[in-house]
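Student: My questions concern the predicted model and sequence given below.
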Amino acid sequence: MSEAKETVFLVDDDASVLKGLRRLLTAAGFEVAAFESPQQFLDHHDASAAGCLVLDVAMPGLNGMELQQELAARGSTLPIVFLTGHGDVPTSVQAMKRGAADFLTKPVDENDLLAAIRSAFEKGRAIRKTRAETVEIEQRLATLTPREREVLAHIVGGKRNKQVAGELGTVEKTIKVHRARVMEKMQVRSLAELVRLAERAGIRGTPPEN
């Protein structure tokens with residue numbers, strides 16, 4: 001799968017700032033898309049877009065913090081670099097707690113901004129990689145039969161084949177067959193790998209009875 005084209009999305013209601021940032025980032029080799037308001041950005045936003053969002057905090061109507069909340073509600077993982085002209089520390093802390101990649105004060109230092117954007121791109125790549133891996137794991141899980149899902153839960157809970165057979169009311173030989181199929185369908189060679197994938201998928205193992 002090829003990496004999506006990364007874009008710096010600029011959102012600022014100050015036309016002169018928007019123009020200056022666009023010129024700077026274009027000269028630095030970035031693909032840039034500029035918007036004069038959060039709403040204009042939302043109207044054109046593609047949830048699968050790769051890159052980062054460089055976002056002014058204080059804007060009329062929907063402000064930067066509210067746009068961050070709206071994107072989170074939509075399931076967006078686009079990293080955000082906030083810009084503010086006020087140096088508002090509480091706002092900065094709140095934004096970072098909500099997952100902002102960085103928070104810079106206007107007038108922003110060009111090198112600091114470029115470094116923040118490159119860092120945000122790296123963060124975005126890591127997020128997309130993790131999401132893609134999770135989707136792949138879920139696709140493998142979807143190939144399991146209901147019985148195989150049961151066996152999987154018992155196995156990752158640390159139970160031996162004999163214990164699983166006793167709890168599921170079958171024989172150990174049958175559990176061995178199910179276990180082999182689970183390993184094959186999940187594309188793993190060891191129990192450790194299977195446990196790791198199950199944890200990534202949020203599957204909690206059924207622990208052995210005392």
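Tutor: The structure has been received and is ready for your questions. Numbering: from 1, shown residues only.

Student: Closest to the mean position in this structure, which residue would that be?
Tutor: residue 127 (3.9 Å; Cα atoms, centre = their mean).

Student: and the next element down the chain from the one helix or strand residue 118 maps to?
Tutor: Per DSSP states H and E, residue 118 falls inside helix 110-141. With elements assigned by DSSP H and E, the helix or strand that comes after helix 110-141 is helix 146-156.

Student: tell me the angle of that next one relative to helix 110-141?
Tutor: Orientation note: helix 146-156 sits at an angle of 120 degrees relative to helix 110-141 (axes from the mean of the first three to the mean of the last three Cα atoms, to 10 degrees).

Student: Output the contacting helices and strands for helix 146-156.
Tutor: Helix 146-156 sits against helix 161-168, helix 172-185, helix 191-200, with contacts defined as 3 or more Cβ pairs under 8 Å, 6 or more residues apart in numbering; DSSP states H and E. C-beta coordinates here come from the backbone N, C-alpha and C atoms, glycine included.

Student: Convert the C-alpha atoms of it to CSV, please.
Tutor: Extracted in CSV, the C-alpha atoms of helix 146-156 (Å, rounded to 0.1, in the frame of the first residue of the first chain):
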residue,chain,number,x,y,z
PRO,A,146,-17.6,-18.7,16.5
ARG,A,147,-16.1,-21.9,18.0
GLU,A,148,-12.6,-20.8,17.0
ARG,A,149,-13.2,-17.4,18.6
GLU,A,150,-14.1,-19.3,21.8
VAL,A,151,-10.9,-21.4,21.7
LEU,A,152,-8.9,-18.2,21.0
ALA,A,153,-10.2,-16.5,24.1
HIS,A,154,-9.3,-19.6,26.2
ILE,A,155,-5.9,-20.0,24.7
VAL,A,156,-4.8,-16.3,25.2
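
Student: okay, and the helix or strand of this structure with the least pLDDT?
Tutor: Counting by mean pLDDT, DSSP states H and E, the chain has its least confident helix or strand at helix 89-97, which shows a mean of 71.

Student: buried sites along that helix?
Tutor: Residues 91-92, 95 are the ones in helix 89-97 that count as buried (16 or more other Cβ atoms under 10 Å).
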